[in-house]
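Peer 1: generate a structure from the sequence data that follows.
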Amino acid sequence: MKDNSIYKKALKLAVPMMIQSGITNAVGLVDNIMVGSLGTESITAVSIAGQLIFVFNLAIFGGLSGPGIYGAQYFGHGNTEGVKGIFRLKFWIGLLCTIAGVLVFIFAGDALIRRYLTGEGNDIDPVITLKYSRQYLDIMLIGFLPFTITQVYAGSLRETDESVKPMVAGIASVFVDVVFNYLLIYGKFGLPRLEVRGAAIATVIARFVEMGVVVIWAHKRSDIHTFLKGIYKTLKVPAEMTKKVLAKSFPIFINEFLWAGGLAFLTQIYSKRGLDIIAGLNISNAICNLLNVVFIALGSAVGIIIGQMLGASEYEKAKVSSVKLMWFTSAICVLLTIILVSISGVFPKIYNTTDAVRDYSTKFIIITALFFPIQGFLNTLYFTLRSGGKTVITFLFDSGFSWVVSVPVAYIICTFTGLPILWIYVTIQALDIIKVVVGYVLIKKGIWITNLVG
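Peer 2: Numbers count the residues shown, from 1 in each chain. Predicted structure coming up:
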């Protein structure tokens, strides 16, 4: 801790991201509680649709993250034209992913939702749950494009050391979301009571507000964000840059898509033990996601900082800093564990649901919290490997592990044994320790240290 500048820089980048994501997740928590007051079918329906939308969101994140590696390194190298080219490439990738996502959910939405409705549930009607989930998903599709545009701008701003504007845009969208959720879910001040549909409409309105704030504000300060000057004079991207970036980006896109798909499939496997489990996991995720933004934001900040160091050819500094920041993140996660465990029995009581669902959610919260330090370390480790362009390694390390190890183990245990669901959940969480050990060895060997733009 003698030289604490690296921690200050990480926190300077990460704290605005934490605030933005934290407030967004807090609103998601409020949404969750509001929808939860409507009954178990409503909360289960939104949870299922949310799992599917999560896959799309991570596909966008994965598609933009590969170019983001180059964006950070070009900025560290002082190459503004390089940053411009990366922004334009992100625009095209985001647009194509959005079109594909909308088409999939329009034509295959019902089939995907039904895959979560195979288990038994106490007092949960699968027909009503399917209806609500489809209503929610159809409206949320409208918000896909503004969400994508926001991610293109926010990612490029962060890669050039600006994380405040995306934060402010996120706060504005949160305020709008809370207000319209209250008005439209319950039908206040003369507006219709739309329940689940009202929650979706409020989120879509918030997406447009967030996009408007970040785009308008960023262009008004193009004197600072010089890569935005004349950015739309052309949307052409040099063929050589496109080929080089996509070669590194494709494994990240596939990784994020498959990783999110793996999580969705795990949830489907858990649902075989009962629909109550889906509702319990949804409640658990609502509160856990409120706190895991801390290590997720730190991981993103580490990826940007280390990427800038690599772009500036500061290799030894990057290696030392990466290890410091991994342990720093893990230590912070211990505090998050204490907070989550202390509120695990209180939070589920807010929901209008069954005692069985509340019991599951309490235990899921405790289990998730106990693995937070490992997840924090692992998240920072992942972004460090990726900052040097080792995207094939991160693909094998992340989604490859999920589909080859985690998903088959969960399926076998759930299908062929009588092991209680909570012990299955613990087992799947504990498998990540293998990744921590392997990843740490790779970090110490320094095989990830590469300047992609020098």
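Peer 1: I figured Ala49 was touching Leu137, is that so?
Peer 2: Yes: Ala49 lies in contact with Leu137 (Cβ atoms under 8 Å); the separation is 4.4 Å. In this view, the C-beta of every residue, glycine as well, is placed from N, C-alpha and C.
Peer 1: between the two, who's got more neighbours?
Peer 2: Under the criterion of other Cβ atoms under 10 Å, the comparison of Ala49 against Leu137 puts Ala49 first, with 26 against 23.
Peer 1: find me the pLDDT at the more buried one, would you?
Peer 2: For Ala49, the pLDDT comes out at 87.
Peer 1: now do the contacts for it.
Peer 2: Contacts here follow Cβ atoms under 8 Å, 6 or more residues apart in numbering; on that basis Ala49 touches Ile113, Ser133, Arg134, Tyr136, Leu137, Met140.
Peer 1: picking up where we left off before, and for Ala49 and Leu137, which residues touch both?
Peer 2: Common neighbours of Ala49 and Leu137, counting by Cβ under 8 Å, 6+ apart, are Ile113.
Peer 1: next, Ile350: phi, psi?
Peer 2: Note on Ile350: its backbone torsions stand at phi -70, psi -30 [degrees, to the nearest 10].
Peer 1: mind telling me what element the residue lying closest to it once chain neighbours are set aside is part of?
Peer 2: Excluding its sequence neighbours, the residue lying closest to Ile350 (Cβ to Cβ, 6 or more residues apart in numbering) is Ile33, at 5.6 Å. Using DSSP states H and E, Ile33 falls within helix 5-36.
Peer 1: re earlier: how many other residues sit next to the residue nearest to Ile350?
Peer 2: Around Ile33 there are 17 residues (other Cβ under 10 Å).
Peer 1: cool, and the one 10 residues further on?
Peer 2: By the criterion of other Cβ under 10 Å, Ile43 has 29 neighbours.
Peer 1: got the phi and psi for it?
Peer 2: Dihedral angles for Ile43 - degrees, to the nearest 10 - are phi -70, psi -40.
Peer 1: just Asp223 next, same as before
Peer 2: When read as degrees, to the nearest 10, the backbone of Asp223 gives phi -70, psi -30.
Peer 1: identify the residues contacting stretch 414-421?
Peer 2: Ile269, Tyr270, Lys272, Arg273, Gly274, Ile277, Tyr360, Ile413, Ile424, Thr427.
Peer 1: buried set for the host helix or strand of Gly212?
Peer 2: For Gly212, the element it lies in under DSSP H and E is helix 196-220. Of all the residues in helix 196-220, those buried under the rule 16 or more other Cβ atoms under 10 Å are 196-215, 217-218.
Peer 1: now swap in stretch 339-354 and tell me
Peer 2: For stretch 339-354, the neighbour count (16+ other Cβ under 10 Å) marks Leu340, Ser344, Phe347, Pro348, Ile350, Tyr351, Thr353, Thr354 as buried.
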